[in-house]
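In: when you get a sec, could you give me coordinates for this:
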Amino acid sequence: MARSKGELAAEYDYVVVGAGSAGCLIAGALSEDRDVTVCLLEAGKPDKGPEIRSPMLLQKVVSGGPYNWAYETVPQKHLNDRRLFWPRGKTLGGSSSINAMHYMRGAHENYDEWSELGAEGWSWKDALARFKAMERQQRGADDWHGADGPLHVQDIPKLNPLTELYFRAGDELQYPRNPDFNGEKQYGFGPYQVTMNGPRRWSAADAFLRPAMARENLTVLTEAMARRVMLEGGRATGVELDVKRQRHVIHARKEVILCGGAINSPQLLQLSGVGDADWLRAAGVTPEVDVPGVGRNLQDHLDITALMRTRSADSIGQSFRRAPKLIYDILRWMIRGDGDFTVNPVQGGAFLNSSMAKDGLPDLQLVFIPGLSIDHGRKTLFGHGVTLHVCHLYPDSRGEIRIRSADPYEHPDIDPNYLDVESDIVPLIDGLEIVRRILHAPAFDEERVAEMHPGEDVEGRDALEADIRQRAETLYHPTSTCAMGRGDLAVVDPRCRVHGVKGLRVADASVMPRLVGGNTNAPTMLVAHKAAEMIRADNS
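Out: Predicted coordinates:
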């Protein structure tokens, strides 16, 4: 029986590197064919911690710990030379085991754009069919949703009273309500749906991997760090890896599939000699295949927040007033497994237009939290309040991922190059003005104590720009560092095959030709769903 700590054989048909949102799905799908053998490698530990299961402990896994790579960027020259914290999942399920669980597909137009950029066959029509096939929608099946798939998607069962005030503020500012961001359109205010099954997180490992782990032909290894893909005669033949720091080599009869995400997949390609030849030589790696796009084209959503203190103890927070309820909630969760500790704290959403929005497509995403949150939850704020995020969905700035040395344990240089294109600041300033108006709407009059950030004395667009450069952070959506498409910077073809190397694919967020307008977890599963089908077809 395959287990998270399986026995390592010398050879498999498929070796999948990375058990995140993509890797779990691909390994599960490939192992459906009982005539092949599949080995799934994960650098992190098994996903056994209670902090993964409980939605209310989201802050604990996002802010660090054993299930998080806890990356940092290089100093960002357009953000006052700050290093930004970049959480990424390091366990079975990857980032789907530490994220806010929002189920967001992006805009319909995003997928048609992928196809136009050279990813033929990746249109919205194809994407919708795949989303529906994967989804087990709590509301039932309709033209936009499926109800028979393995991925549980549900409403947040108990919205905080402050979240309801947030929706009322949107009404007062004449924005429409939108009950389904994954339906006909994105625009408007509404609650997020989440990848949960009842009271617990439902990660990609829960949806796609765990049901497959009883199969004899699937081996899942945790604490297995890939060092390089082995190449012979222009073909990927296997993977060199460490299992609990012990060196091993496993061979792949058919293919090696990289599913490490926007950071780890380009890093492993570069460690294997696939990438920009000058970059590789500078890092002490012998170039094998010159693919200059590996690690380039990095895109991410830059995010800024407004924070406001509130009067009531309705918000999620730490105070003497709330201490009895907090103790009660913890005990109820520990004893019965239900209560407020099973409610997702990141609840309210909106998709709106900045002054730079094109063709009516929303280019701002809002995230409302009925609690005070700064620095990814790494700093504790006492008292009560709300946090309202806004990010720019379609930045033109591009960054890069680049290894520093041939050591796989050394984190690569991560340079998202935020705000390098000057116009990228405009939607963020617009967005910060909008979220401040929302928090100063009449709906919040009885709750409002004071604006913490940007602060009551920060007025005018120049001051807001300065505030953004000092406080903006990632919204955790890096993509496109092994992009599919046309041109010199394309890394994979529309079937996710790495240019210049046989038997090697990349299938994760790194292959997206362009960042989608929303969260990236569901689109990453879409990539894996289509890639798994193509891999099986090409090797049948």
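
In: remind me, longest helix of this protein?
Out: helix 521-538 (DSSP state H).

In: buried residues in it, which are they?
Out: When burial is assessed from 16 or more other C-beta atoms under 10 Å, helix 521-538 yields the following buried residues: 521-532, 534-536. Just so you know, the C-beta spots here come from the backbone N, C-alpha and C atoms, and that holds for glycine as well.

In: then stretch 326-335?
Out: Buried residues in stretch 326-335, counted by 16+ other C-beta under 10 Å: Asp329, Trp333.

In: quick one: mean pLDDT over it.
Out: For stretch 326-335, the mean per-residue pLDDT is 78.

In: and if you look at stretch 511-525?
Out: Taken as a whole, stretch 511-525 carries a mean pLDDT of 98.

In: stretch 135-147 now?
Out: The pLDDT scores in stretch 135-147 average 98.

In: can you list contacts of it?
Out: Contacts to stretch 135-147, defined as C-beta atoms under 8 Å, 6 or more residues apart in numbering, come from residues 128, 131-134, 148-155, 180, 182-184, 193.

In: the longest strand along the chain: partners in the sheet, and parallel or antiparallel?
Out: Looking across the chain with DSSP state E, the single longest strand is strand 246-258. According to DSSP bridges, strand 246-258 has the following sheet partners: strand 11-17 (parallel), strand 235-243 (antiparallel), strand 504-506 (parallel).

In: could you dump the next helix or strand after that strand to PDB, C-alpha only?
Out: Tracing the chain past strand 246-258, the next element assigned as helix or strand by DSSP states H and E is helix 261-271. Extracted in PDB, the C-alpha atoms of helix 261-271 (Å, rounded to 0.1, in the frame of the first residue of the first chain):
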ATOM      1  CA  GLY A 261       5.200  25.800  -8.600                       C
ATOM      2  CA  ALA A 262       6.400  29.100  -9.700                       C
ATOM      3  CA  ILE A 263       9.500  29.000  -7.500                       C
ATOM      4  CA  ASN A 264      10.600  25.400  -7.200                       C
ATOM      5  CA  SER A 265      10.000  24.300 -10.800                       C
ATOM      6  CA  PRO A 266      12.300  26.900 -12.500                       C
ATOM      7  CA  GLN A 267      14.800  26.400  -9.600                       C
ATOM      8  CA  LEU A 268      15.000  22.600 -10.300                       C
ATOM      9  CA  LEU A 269      15.200  23.100 -14.100                       C
ATOM     10  CA  GLN A 270      18.100  25.500 -13.500                       C
ATOM     11  CA  LEU A 271      19.800  23.100 -11.100                       C
END
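
In: what's the angle between helix 261-271 and strand 11-17?
Out: Helix 261-271 runs at 130 degrees relative to strand 11-17, counting by axes from the mean of the first three to the mean of the last three C-alpha atoms, to 10 degrees.

In: and the helix or strand just after helix 261-271, average pLDDT?
Out: Toward the C-terminus, helix 261-271 is succeeded by strand 274-275 as the next helix or strand (DSSP H and E). Across strand 274-275, the average pLDDT comes to 98.

In: just checking, what packs against strand 274-275?
Out: Using 3 or more C-beta pairs under 8 Å, 6 or more residues apart in numbering; DSSP states H and E as the contact test, no helix or strand touches strand 274-275.

In: picking up where we left off before, for the longest helix of the chain, packing partners?
Out: Using 3+ C-beta pairs under 8 Å, 6+ apart as the contact test, the elements touching helix 521-538 are helix 21-30, helix 124-134, strand 246-258.

In: cutoff 10 Å now
Out: Applying 3 or more C-beta pairs under 10 Å, 6 or more residues apart in numbering; DSSP states H and E, one finds that helix 521-538 contacts strand 11-17, helix 21-30, helix 108-116, helix 124-134, strand 151-155, helix 204, strand 246-258, strand 504-506.

In: quick one: closest of the ones you listed to Ile429.
Out: Closest approach to Ile429 among these is made by helix 108-116 (23.9 Å; C-beta to C-beta).

In: quick one: contacts of that closest one?
Out: Identification of contacts with helix 108-116 by C-beta atoms under 10 Å, 6 or more residues apart in numbering yields 105, 107, 119-128, 184-186, 358-361, 393-394, 483-485, 494, 511-518, 523, 526-527.

In: looking at these, which are in helices?
Out: Judged by DSSP H, helices contain the following of these: Trp124, Lys125, Asp126, Ala127, Leu128, Pro523, Leu526, Val527.

In: which two from the residues you listed end up farthest apart in space?
Out: The distance between the two most remote of the ones in helices among the contacts of helix 108-116 (C-beta to C-beta) is 16.2 Å, for Lys125 and Val527.

In: hang on, the earlier thing: so which of the ones in helices among the contacts of helix 108-116 comes closest to Asn353?
Out: Ranked by distance to Asn353 (C-beta to C-beta), those are led by Trp124 at 20.3 Å.

In: surely the closest one touches Ala107?
Out: Yes. If you go by C-beta atoms under 10 Å, Trp124 and Ala107 touch, sitting 8.8 Å apart.

In: where does the nearest residue to Trp333 once chain neighbours are set aside sit: helix, strand or coil?
Out: Excluding the flanking residues, the one nearest Trp333 by C-beta to C-beta, 6 or more residues apart in numbering is Phe341, at 3.6 Å. The three-state label given to Phe341 by DSSP: H, G, I helix; E, B strand; the rest coil is helix.

In: and Phe341, what does it touch?
Out: Per C-beta under 10 Å, 6+ apart, neighbours of Phe341: 50, 53-57, 199, 326, 329-334.

In: in helices, which of those appear?
Out: In this view, those that belong to helices under DSSP H are Pro50, Arg53, Leu326, Asp329, Ile330, Leu331, Arg332, Trp333, Met334.

In: picking up where we left off before, which stretch among the helices and strands packed on helix 521-538 comes nearest Pro427?
Out: Shortest distance between Pro427 and those, using C-beta to C-beta, is found for helix 108-116: 16.6 Å.

In: mind exporting the closest one as CSV, just the C-alpha atoms?
Out: Taking Å, rounded to 0.1, in the frame of the first residue of the first chain, the C-alpha atoms of helix 108-116 are listed here in CSV:
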residue,chain,number,x,y,z
HIS,A,108,-13.3,33.9,-18.5
GLU,A,109,-11.2,36.2,-20.7
ASN,A,110,-8.0,35.1,-19.0
TYR,A,111,-8.1,31.6,-20.6
ASP,A,112,-9.0,32.9,-24.0
GLU,A,113,-6.0,35.2,-23.6
TRP,A,114,-3.8,32.2,-22.8
SER,A,115,-4.8,30.6,-26.1
GLU,A,116,-4.1,33.8,-28.0
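
In: now do that helix against helix 521-538, angle only.
Out: Using the same axes, to 10 degrees: helix 108-116 against helix 521-538 is 40 degrees.

In: could you check the angle helix 124-134 makes with helix 108-116?
Out: Relative orientation of helix 108-116 versus helix 124-134 (the same axes, to 10 degrees): 120 degrees.

In: could you give the mean pLDDT of helix 108-116?
Out: Averaging pLDDT along helix 108-116 yields 96.

In: got the buried residues for that helix?
Out: Using 16+ other C-beta under 10 Å as the test for burial, helix 108-116 gives His108, Glu109, Asn110, Tyr111, Glu113, Trp114, Ser115.

In: and if you look at stretch 32-42?
Out: By neighbour count on 16+ other C-beta under 10 Å, the buried set for stretch 32-42 is Val36, Thr37, Val38, Cys39, Leu40, Leu41, Glu42.

In: including distance to Leu298, pLDDT and secondary structure, could the residues you listed go into a markdown table?
Out: Shown next, in a markdown table, are these (distance: C-beta to C-beta, whole Å; pLDDT from 0 to 100; DSSP: H, G, I helix; E, B strand; the rest coil):
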| residue | distance to Leu298 | pLDDT | secondary structure |
| --- | --- | --- | --- |
| Val36 | 34 | 98 | coil |
| Thr37 | 34 | 98 | coil |
| Val38 | 30 | 98 | strand |
| Cys39 | 29 | 98 | strand |
| Leu40 | 26 | 98 | strand |
| Leu41 | 24 | 98 | strand |
| Glu42 | 23 | 98 | coil |
